[in-house]
Structure formats: C-alpha cells, structure tokens
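Enquirer: Just to be clear, the model below is a prediction. Sequence and coordinates:
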Amino acid sequence: MTSGWDAPVPNPYVELSRDEWRGLRENTPLPLTPGELEALRGLKDPIDIAEVEEVYLPLSRLLNLFFQSDGRLRDTVSAFLGGEVPPTPFIIGVAGSVAVGKSTTSRLLRTLLARWPEHPAVELVTSDSFLYPNSVLSERGLMDRKGFPESYDRQALVRFVSAIKSGVDEYAIPVYSHLEYDVVPDATQTVRRPDILIVEGLNVLQAPPAGSLGVADFFDFSIYVDARVEDIRQWFIDRLFALRRTVFTDPRSYFHKYAHALDEDETAAFAQRVWRDVNEINLVSNILPTRSRATLVLHKDRDHAVQRVRLRRI
Ligand SMILES: Nc1ncnc2c1ncn2[C@@H]1O[C@H](COP(=O)(O)OP(=O)(O)O)[C@@H](O)[C@H]1O
Ligand SMILES: CC(C)(COP(=O)(O)O)[C@@H](O)C(=O)NCCC(=O)O
C-alpha cells in the first residue's frame, strides 16, 4: 500500500499515448478515401488519412464495441423484465471549445460508424440548432454571449434527445446557419430513428440545474475534444482569416461587411477581441469544467494531431 504526499493520485482514467492508442485499431478496415475525407474536413483543419487510421479507426472500433455491448445489456434487461425491450438509438455526445475541430470529428465519426454493418443509420445534430434566434438574443442582451449556456433553449434540446431515446419515429428540429449567423426561419432537420445519434456542441456535457435532466443524461458515450487554450486561440484567429477570404465574401454572410471594411491588422484585432471576450471566457468558465465528465478525451497538439487519449474506466 502506498501512502504519504508522493503517493500516486488515484485516477479514474486510462491514459494512452498516440502510439499506444493507434495499436488498438487492430484489423479495423479503412472505409474512407482521401477524397471523402477532404469533403468532411473543416476549414483550416489539416486532418489527413494517417490521423484517421491512427486516431479515428481505434475510436470507431471502440464505439462499435460499446454499441454491441449496449445491445447485450438490453437483452439482459429484456430477460429480467420477461419481455422484449425494443432498441433505441445509441447516443454519442461530442463537446469542446469553439474552433477545436468538433465538427470534423463528428462528421468523420458519422461516416466511419455508418460503415459498420451493425449500425448503418447514423445521424448528426449540432446544438446550434437550439440557439435562440438573434431577435431573442438581442432582446435579452445576449448577442455577445452566443455559445454560452444561456444562449440555448436548453429544455428544447433535452426534449429532443429524450424523445429520440424514447424511440420516437421522427423528430424535427430547427436549423442554424453559420453563414447567416442565425436560426433559419421555417427550416427543419428531421431525425428518423437512427441506430446512432451524434449530438455535437460546446456545452453538451454541461451538468443540468439541480433537479432537472440535462442532455448528457441521455448519452451512452461522450467525447471531449481538447487542446491547450493558447493553441485553440491561434486556430480561431487563423480560421477567421480563412473565413474572411472565403465565406465572408458571400454577400449573404452576416460577416460580409467585415471582409472588406477591415484591413489585416483590424481583422487580427477583431479576431483577438472575439476570442478573448467571448470564446475564451466560455471555454474557461463553462466548457473546460465539463471535460472530466466525458467518457473519452482526445487531446490535440499545436499541429492539430491527437497525441494523447484518456478513457474513463468502466
Ligand atoms: N462565421 C462563420 N461563418 C461560416 N462558418 C463558420 C463560422 N464560424 C464557424 N464556422 C464553421 O462552423 C463549424 C463549427 O465551428 P465551431 O463551433 O467553432 O466548432 P469546431 O471548430 O469545434 O468544429 C465549423 O465547420 C466552422 O468552420
Ligand atoms: C454557433 C456556435 C455558438 C457553436 O454552436 P454549437 O453547435 O457548438 O452549439 C459558435 O460557432 C459561434 O458562432 N459562436 C459565436 C462567437 C464566434 O463568432 O466565434
């Protein structure tokens, strides 16, 4: 038995280096071409096939094992109840900062998971669908708090995930447009009883207020995409410059006015201000504190490559 001040700190996680993790792919095949990966990649995300093979195939294999083990647990419960318990979607949460690369991770997982014969139907929703429209955010003085917990209709998100977990046949949710920087009036995304539902968003691992349910209460597995705050800040700034050269040139873009009006220095100052006053505060106060709730943490280095993986002990 160890004791004293230098005793190892008990740790509820298994910590793996990239080398250890990549060996866990075993013989999982690569069901993705470089062209398909290109289509899934977010702006300025340098993900390549090596990253898919070494990081995402072990993850795809692990999620497939969790999915199958969930089915066996359901069989046990059915036997206990003396009647069939019908399957409901397996729900995966993906959380992390603005600009950390959650969208690429989620889109890639959707594609990789759908190629397993056990769960071909995989749907992806992002929690921005549950942001209040700009009109409501303005009224409440929350336009500079987009992405903070109070900018979402938390109860609508919980109702949706609860309905999916209850096995409803279909459920329509709102659609958010990054281009228009607002919820799109009258547009909907319909989720139809998938085998797996991925729910991606900044705050999806947040603990609910005392006495109520949170969206994370319905997750069967959760992933936190992690990196040093300084690195994410740089990625956010680099991406804003890339957006300025691409998306912001579209007259429909909410940020179109900035594409020409601001020179390079002013754009850098704008990016730094939005990072410091909005996204970093949200990361440090609301998002990072949820990291320890995740089943799995993917930690990226400055070059965006995942170098460490932390898996919660079962
Ligand atoms: N102002 C914007 N205009 C258009 N697309 C954007 C804008 N901001 C972010 N995006 C895109 O929205 C997606 C989600 O971005 P974000 O919430 O920062 O999460 P992450 O970088 O972790 O995927 C990304 O694909 C990003 O490129
Ligand atoms: C739309 C977002 C709040 C992310 O929403 P999510 O789907 O992660 O809930 C975020 O990408 C965003 O636009 N934040 C506002 C601050 C900024 O422009 O960076």
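Expert: Sure thing, it's come through. Residues are numbered from 1 along each chain as shown. Ligands and ions are numbered 1, 2, ... in the order given.

Enquirer: all contacts plus neighbour counts: C-alpha atoms, from now on.
Expert: OK.

Enquirer: quick check: longest helix of the protein.
Expert: Criterion DSSP state H: the longest helix present in the chain is helix 57-81.

Enquirer: which element follows that one toward the C-terminus?
Expert: strand 90-96 (DSSP states H and E).

Enquirer: So what's the residue count around L262?
Expert: Around L262 there are 14 other residues, counting by other Cα atoms under 10 Å.

Enquirer: my bad, R313
Expert: 11.

Enquirer: Who are the contact partners of P209?
Expert: Under the criterion of Cα atoms under 8 Å, 6 or more residues apart in numbering, P209 has no neighbours.

Enquirer: picking up where we left off before, for the longest helix of the chain, name the packing helices and strands.
Expert: Applying 3 or more Cα pairs under 8 Å, 6 or more residues apart in numbering; DSSP states H and E, we find helix 57-81 packed against helix 102-114.

Enquirer: how about the helix it packs on, does it get close to ligand 1?
Expert: Yes. Under the criterion of Cα under 6 Å from any ligand atom, helix 102-114 makes contact with ligand 1 via K102, S103.

Enquirer: sorry, back to before: tilt between the longest helix of the chain and strand 90-96?
Expert: Following axes from the mean of the first three to the mean of the last three Cα atoms, to 10 degrees, one obtains 140 degrees for the angle between helix 57-81 and strand 90-96.

Enquirer: Give me the mean pLDDT for helix 57-81.
Expert: Mean pLDDT, computed over helix 57-81, is 97.

Enquirer: out of everything not next to it in sequence, what's closest to the closest residue to ligand 1 within the chain?
Expert: Nearest residue of the chain to ligand 1 (Cα to the nearest ligand atom) works out as A99 at 3.1 Å. Distances taken as Cα to Cα, 6 or more residues apart in numbering place F236 nearest to A99, at 5.3 Å, with adjacent residues excluded.

Enquirer: Against I91, how distant is that neighbour?
Expert: Distance of F236 to I91, computed by Cα to Cα, to the nearest Å: 28 Å.

Enquirer: now G167
Expert: 12 Å.

Enquirer: more neighbours, those two?
Expert: Set G167 next to I91 and count neighbours by other Cα under 10 Å: I91 wins out with 23 against 16.

Enquirer: measure that one to D226 for me?
Expert: 20 Å.

Enquirer: how far does stretch 241-253 stretch from start to finish?
Expert: 15 Å.

Enquirer: that older thread, secondary structure element for the residue nearest to A99?
Expert: helix 229-245.

Enquirer: Just give me how far that helix sits from the chain centre.
Expert: Helix 229-245 sits 18 Å away from the centroid of its parent chain (Cα atoms, centre = their mean, to the nearest Å).

Enquirer: For F66, grab the count of nearby residues.
Expert: For F66, using other Cα under 10 Å, the count is 15.

Enquirer: Tell me the bridge partners for V125.
Expert: V125 forms beta bridges with V199, as assigned by DSSP bridges.

Enquirer: Next up, the contacts around the residue positioned nearest the centre of the chain.
Expert: In the chain, the residue lying closest to the centroid (Cα atoms, centre = their mean) is V94, at 2.8 Å. By Cα under 8 Å, 6+ apart, the contact set of V94 is K102, S106, I198, V199, E200, G201, V204, S222, I223, Y224, V225.

Enquirer: Make a markdown table out of those and add pLDDT and neighbour count.
Expert: Formatted as a markdown table, the contacts of V94 follow (pLDDT from 0 to 100; neighbours: other Cα atoms under 10 Å):
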| residue | pLDDT | neighbour count |
| --- | --- | --- |
| K102 | 97 | 23 |
| S106 | 98 | 24 |
| I198 | 98 | 24 |
| V199 | 98 | 23 |
| E200 | 98 | 26 |
| G201 | 98 | 23 |
| V204 | 98 | 27 |
| S222 | 98 | 22 |
| I223 | 98 | 24 |
| Y224 | 98 | 28 |
| V225 | 98 | 22 |
